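Enquirer: need the 3D shape of this:
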Amino acid sequence: MDNLKDVVFDNYIDGQWLPSQSGRTQANLNPADRDDVVGAFPLSTAEDAQAAVAAAQAAFAGWRATPISARARILNAAANWLDSNVERIAQGLTREEGKTLAQSKMEVGRSAQTLRFYAVEGQTYSGETFPQDDAQQLVYTQREPLGVVSVIAPWNFPISIPARKIAPALITGNTVVFKPSSDTPLTGYYLCEAFAQAGIPAGVLNLVHGRAGEVGPTLVQAPQVRAISFTGSTKAGEDICRQARMSTRTQMELGGKNPLIVMEDADLDLAVKLVVQGGFSLSGQACTGTSRVLVHRQVKEAFTTRLVEKVRALSVGNGLSSNPDLGPIATERQLESILSYVAIGKQEATHLLGGERLTEGEYARGLFMRPALFTDVTQKMRIAREEIFGPVIALLEFDSYEQALAMANDTEYGLSAAIVTRSAEYAHRFANDIEAGTVKINRTTTGNLINAPFGGLKQSSTSTFRESGRAGLEFYTQIKTVYRGI
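Expert: Numbers count the residues shown, from 1 in each chain. Just a heads-up that it's a prediction; the model follows:
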């Protein structure tokens, strides 16, 4: 499979690689070169999704009874397969999603680390015993798996995000039906191939490609599905929550409009570095990406001058053929949406630079654009309030910490936020005052550790269960309290 062009890929259901019952496929195209066909993937039907759910349900009892050390060996073996195939997987990830090859390799490596983390951490996750007055009684809790879990993943981190959902689900004894984004199906295929090569029993992990409108209702509404873990837009998350059964547990990680505050005492070179990294790495296509930069009036001019200089120097290109700062936008639909916000920004605020689509020479067949900067932005403007999910940054001005904090919190989202300051007082207050699930001090808004909890507040999350770290195991287990007479 080294040459992926025109290769037809399958679903993975009940331990078999199978085409969709519809017989139809959808071409997966390289956003850096739309003439490059990465492969053809099934346009699955509700019947395909039902078969996957049924397989997961049938496999649950056996997987639940499998010793946890055996489950851990499978996670470790899958991690080893990812490491052994990092070059092939990273090439495919860059071809279908657009990020640079270096970033793709890092994502594959991080995913292998995630599997290994849960292979160990899951073996220490258990219940409690409780002291009480009756010497003839033992009271304890035990954690049990839920059953069938639906994992619905986005396109921007198409292997690391599903890995951090699937690994804790499997190690705790659940079975999984995984639907990758139809924009990045190859990477999801590779993740399932890793588990298949690791010897995971039939039906424990199932892969269903296709459009959300076709397979989504089954993965959300089927009575066998006990939990749904989803990462994507806030609107899609709200739709899933409305459709899900009352008894179905949900974990939603959704949108963001993440602020970075530059205080009057900030190291401006550091602030510029963090803004560029947080706002333009991955072409701005990260849910934790920096979208709003709030700058103290005293340093705004100096900061803006330095930022414009850095942004002008950013390179744009194909992540496979060079090492650009920004790759293409992942899809035509996403590029059109971003460019529409650039047009809105030009009407609302002062346009400093960028935002144009690149169509000449090496860019002719791809989805490329220059990163954009706007200044004189106010809280009421759409580019300050709505998630753009692209390389567009809005600069806002403030006069005091209190004003900056109020502006930062004046949003429906609460995913990630950062402050750049030399002041211990500002840092301490910010950690307490900001309404965000991830708080960064003198660090970029993007990025999180695999062993630390991750999630948002307000409309960025259901705020029920966190992903990542030891906390990520909680979502996939239920507690039973046992009173045992001796």
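
Enquirer: sketch out the low-pLDDT regions of the stretch 1-150 of the chain for me.
Expert: Residues of the stretch 1-150 of the chain meeting the criterion pLDDT under 70: 1-6.

Enquirer: which residues of it fall in helices?
Expert: 46-65, 68-84, 86-97, 101-121 (DSSP state H, counting those that start in this stretch).

Enquirer: give me the helices and strands touching the third one, please.
Expert: Identification of packing neighbours for helix 86-97 by 3 or more Cβ pairs under 8 Å, 6 or more residues apart in numbering; DSSP states H and E yields strand 25-30, strand 33-42, helix 101-121, helix 185-197. C-betas here are computed from N, CA, C, even on glycine.

Enquirer: now for Lys346: which residues touch it?
Expert: Listed by Cβ atoms under 8 Å, 6 or more residues apart in numbering, the contact set of Lys346 reads Gly355.

Enquirer: any idea which element it lies in?
Expert: helix 332-348 (DSSP states H and E).

Enquirer: any idea whether Leu395 is helix, strand or coil?
Expert: Of the three states, Leu395 takes strand under DSSP: H, G, I helix; E, B strand; the rest coil.

Enquirer: how about it, nearest residue that isn't a chain neighbour?
Expert: In this structure, Leu395 finds its nearest non-sequential neighbour in Thr375, 4.3 Å apart by Cβ to Cβ, 6 or more residues apart in numbering.

Enquirer: which strand residues bridge that neighbour?
Expert: For Thr375, the beta-bridge partners under DSSP bridges are Thr350.

Enquirer: that one reaches Thr350, doesn't it?
Expert: Yes. Using Cβ atoms under 8 Å, Thr375 is in contact with Thr350, at 4.9 Å.

Enquirer: who has more neighbours, those two?
Expert: Higher neighbour count among Thr375 and Thr350: Thr375, with 19 against 12, using other Cβ atoms under 10 Å.

Enquirer: contact partners for that one?
Expert: Neighbours of Thr375 in contact, by Cβ under 8 Å, 6+ apart: 304, 349-350, 352, 394-395.

Enquirer: who wins on neighbours among those residues?
Expert: For these, neighbours tallied by other Cβ under 10 Å; top is Ala394, 29 neighbours.

Enquirer: which ones are touching it?
Expert: 291-293, 345, 349, 374-375, 377, 381, 383-384.

Enquirer: let me know the closest of those to Ala70.
Expert: Checking the contacts of Ala394 against Ala70 by Cβ to Cβ gives Ser291 as the nearest, at 44.4 Å.

Enquirer: contacts for the helix or strand harbouring that closest one, please.
Expert: Ser291 is part of strand 290-296, with elements assigned from DSSP H and E. Residues from elsewhere that reach strand 290-296, judged by Cβ under 8 Å, 6+ apart: 256-264, 266, 274-275, 278-279, 284, 303-304, 307, 377, 384, 387-388, 392-399, 404, 407-408, 418, 444-446.

Enquirer: do a quick rundown of the strands in the stretch 301-450 of the chain.
Expert: Assigned by DSSP state E, counting those that start in this stretch, the strands in the stretch 301-450 of the chain fall at 350-353, 357-358, 368-369, 372-375, 392-398, 413-414, 416-420, 438-441.

Enquirer: rebuild those strands as CSV, extending it with mean pLDDT and distance to Arg333.
Expert: Compiled in CSV, these are given as follows (pLDDT from 0 to 100; distance: least, Cβ to Cβ, whole Å):
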stretch, mean pLDDT, distance to Arg333
strand 350-353, 98, 24
strand 357-358, 98, 14
strand 368-369, 98, 14
strand 372-375, 98, 18
strand 392-398, 98, 16
strand 413-414, 97, 21
strand 416-420, 98, 24
strand 438-441, 98, 27
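
Enquirer: looking at the ones you listed, which is nearest to Asn11?
Expert: Here strand 368-369 is closest among those (Cβ to Cβ), at 32.4 Å.

Enquirer: can you name every helix or strand that the closest one contacts?
Expert: helix 332-348, strand 357-358.

Enquirer: closest to Arg226 out of these?
Expert: When the helices and strands packed on strand 368-369 are compared by Cβ to Cβ, helix 332-348 sits nearest Arg226, at 32.4 Å.

Enquirer: tell me the angle the closest one makes with strand 25-30.
Expert: Counting by axes from the mean of the first three to the mean of the last three Cα atoms, to 10 degrees, helix 332-348 lies at 50 degrees to strand 25-30.

Enquirer: okay, now the domains of this structure?
Expert: Domain ranges of the chain: 11-254+461-485, 258-449, per automatic domain parsing.

Enquirer: so which bits of stretch 238-253 are buried?
Expert: For stretch 238-253, the neighbour count (16 or more other Cβ atoms under 10 Å) marks 239-240, 244, 248-253 as buried.

Enquirer: same check on stretch 139-150?
Expert: Buried, per 16+ other Cβ under 10 Å, within stretch 139-150: 143-150.

Enquirer: tell me how far that stretch lies from the chain's centre.
Expert: Centre-to-centre, stretch 139-150 and its host chain are 25 Å apart (Cα atoms, centre = their mean, to the nearest Å).

Enquirer: contacts for that stretch next, please.
Expert: Taking Cβ under 8 Å, 6+ apart as the rule, stretch 139-150 contacts 53, 56-57, 60, 64, 125-130, 132, 169, 172-177, 179, 219-220, 222, 224-229, 249, 476-484.

Enquirer: which residue packs closest to Arg484, ignoring adjacent ones?
Expert: Of all residues not flanking Arg484 in the chain, Leu138 sits nearest, at 4.5 Å (Cβ to Cβ, 6+ apart).

Enquirer: doesn't Pro131 make contact with that neighbour?
Expert: No. With contact defined as Cβ under 8 Å, Leu138 does not reach Pro131; the gap is 10.6 Å.

Enquirer: of the two, which one has the most company?
Expert: More crowded of Leu138 and Pro131, by other Cβ under 10 Å: Leu138, with 14 against 5.

Enquirer: distance-wise, check the more buried one relative to Glu144.
Expert: As judged by Cβ to Cβ, to the nearest Å, Leu138 and Glu144 stand 18 Å apart.

Enquirer: how about Arg484?
Expert: 16 Å.

Enquirer: then Gly188?
Expert: 28 Å.

Enquirer: then Leu207?
Expert: Leu207 sits at a distance of 25 Å from Glu144 (criterion: Cβ to Cβ).

Enquirer: within the helices and strands, which one has the residue nearest in space to the middle of the chain?
Expert: Nearest to the geometric centre of the chain sits Ile161, at 4.7 Å (Cα atoms, centre = their mean). Using DSSP H and E, Ile161 sits in helix 160-171.
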